[in-house]
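>>> I'll drop the sequence and a predicted model, then ask my questions.
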Amino acid sequence: MKPSIDLAVIGAGPCGIAVGAAAARAGTSAVLFDRGPLTASLLDYPYYMTFFSTAQKLEIGGVPFTIPDPRPTRRDALAYYRRVVKHYDIDVRQYHTVTGVSRTSDGFRLAVRKRDGSVLEVAARHVVVAIGGFHEPNALGVDGEDLPKVHHYYREPYLFTDQDVVVVGAGNSAVEAALEMYRNDVRVQLVHFADRIDKGVKPWVVPDITNRIEKGEIPVHWNHRVAEIRWNDVVLRHVETGQTRTIPNDAVVAMTGWRAHPAILRSLGVGIDEETGIPNHDPETMETDVPGVFIAGVLAAGHNANKIFIENGKEHGGLIVRALGRTPVA
C-alpha cells in the first residue's frame, strides 16, 4: 500500500488542528484521526470555564478569534476551533481510533478502528502524535479512591448542592471549582500539601479565593494530604507531623492533574524519559528519535502538562511542516 497522505495526525485537539492548518497552508496533505469528537479535551473542561490566555494567543493559522471579551470561554473556544477546521477544510476522522502504527518501506501504516467496529488501514509518509496529556488522572493512591463519590473531572457545581465536598489541590482547576461550588450552596473545603495556593493561579482569581479563605467561607487544610476516603468522611494526614483528622464528607473532587499514555510512541520505539515522561525529540522540528515520527502539543511536556498550553503547543504544527521542507503560506 503506497502512502496516500503526507501526514497522519493522531489527535484532533487544538494542537492537532494546528498541524492540519499548517499542512493546508503549505499544500501538504494531512488527515486527523481521533478516538472521540473534535476537540474532545475541551469538552472535559468545566462548562463555564474562562481561559487564562487571550483569544489572540489561542488563534491558529491566521484565522481571527474575534470575541467581545479579552479572554474566551470554553464555549467560545469550541466554536472557534470548529471554524478553523472548516476554514482550512481539514480532513478530520472523528471516532476513528488508531489501534496500531507500523513502519513500512516508504512510511507508516496505521490500523484504524471505526465507530462501527470495522478496521481500515491507512498509509502515510509521516506520523504526528498529538494525543494530549489527559488520558489518566494522577491518582491519590489511597484507600477509597475507587468509590463513586470521587471525581477527577469537574464540570459544574449542581451535582454537589447542599453537600460537604473536599477539593484536593490549590491550582487553577481546584481554586475555580471551589469558588464556583461555594457560590452554589456547596459546603466546600480545600486540601493541599503545601502552605499556600499555587503560583500559577489566574491573577484575577487570587483576590477572590484569598478573601474566601480569610473569612473562613472556604476552609483550607494546608500541609495535608488525603489519607483515606470513606463513604461518609475523609481522613486527612499532616505532611510533617503525620497527625490525622477526620472530616464529614459527601464527595471528593481531586484536581490532581493528568498524564498521557504514549503507547503508540513506545510501540514505534520512541525513547521516553522515565522521570519526566518527555519523548525524545528535537524541539526545533518536533521529530522524535524515530525518523518520520513527530509529536505535537502537551505530549511534549511529559508529566508537566502545565509547561505546554495551546498558545505555545500550536506552534508545533509549523515546525513540523517546515521540517518536511514545506513552508506554510502566510
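Right, received. Where do you want to start? Numbering: from 1, shown residues only.
>>> Tell me the helix or strand right after the strand or helix carrying Leu120.
Counting by DSSP states H and E, the element that carries Leu120 is strand 119-129. Toward the C-terminal end, the helix or strand that comes next after strand 119-129 (DSSP H and E) is strand 136-137.
>>> who does the helix or strand that that next one is followed by pair up with?
Once the chain leaves strand 136-137, the next helix or strand it forms, by DSSP H and E, is strand 150-151. Sheet pairing of strand 150-151 (DSSP bridges) gives strand 251-254 (parallel).
>>> before we move on, the earlier item: how far does the strand holding Leu120 sit from its chain's centre?
Remark: strand 119-129 is offset 23 Å from the chain centroid, using CA atoms, centre = their mean, to the nearest Å.
>>> Give me the buried positions along it.
If you call a residue buried by 16 or more other CB atoms under 10 Å, then strand 119-129 has these buried ones: 122-129. Heads up, the C-betas are built off the backbone N, CA and C, glycines and all.
>>> so what strands line up beside it?
Checking strand 119-129 against DSSP bridges gives partners strand 5-10 (parallel), strand 107-113 (antiparallel), strand 293-295 (parallel).
>>> Out of those strands, which is the most enclosed?
Of all the strands paired with strand 119-129, strand 293-295 has the most neighbours on average by mean count of other CB atoms under 10 Å, namely a mean of 26.
>>> can you give me how far that one is from the chain middle?
18 Å.
>>> For the buried residues of strand 119-129, work out which two are farthest apart.
Greatest spatial distance in those: Ala123 and Val129, 16.8 Å, computed using CB to CB.
>>> Quick check: closest non-adjacent residue to Pro219.
Gln189 (4.7 Å; CB to CB, 6 or more residues apart in numbering).
>>> Look up how far Glu214 lies from the closest residue to Ala12 other than its chain neighbours.
Nearest residue to Ala12 in three dimensions, chain neighbours excluded: Asp34, at 3.7 Å (CB to CB, 6+ apart). Asp34 sits 44 Å away from Glu214 when distances are taken as CB to CB, to the nearest Å.
>>> If you count surrounding residues, which of the two has more?
Asp34 (25 against 9; other CB atoms under 10 Å).
>>> What pLDDT is listed against the more buried one?
Looking at Asp34, its pLDDT reads 97.
>>> Could you do Val329 as well?
58.
>>> Against which helices or strands is the helix ranked longest in the chain packed?
Longest helix in the chain by number of residues (criterion: DSSP state H): helix 74-88. Counting contacts by 3 or more CB pairs under 8 Å, 6 or more residues apart in numbering; DSSP states H and E, helix 74-88 is packed against helix 14-26, helix 40-43.
>>> for these, which one sits closest to Val150?
That would be helix 40-43 among these, by CB to CB, at 20.7 Å.
>>> Just the buried residues of that closest one, please?
Applying 16+ other CB under 10 Å to helix 40-43 flags 40-42 as buried.
>>> Could I get the contacting residues of Ala170?
Ala170 sits next to 190, 192, 194, 196-198, 201, 220 when contact means CB atoms under 8 Å, 6 or more residues apart in numbering.
>>> What subset of these is buried?
Using 16+ other CB under 10 Å, the buried members of those are 190, 192, 197, 201, 220.
>>> With adjacent residues omitted, what lies nearest to the last one?
Counting by CB to CB, 6+ apart, Leu190 is the residue found nearest to Val220 once chain neighbours are left out, at 4.4 Å.
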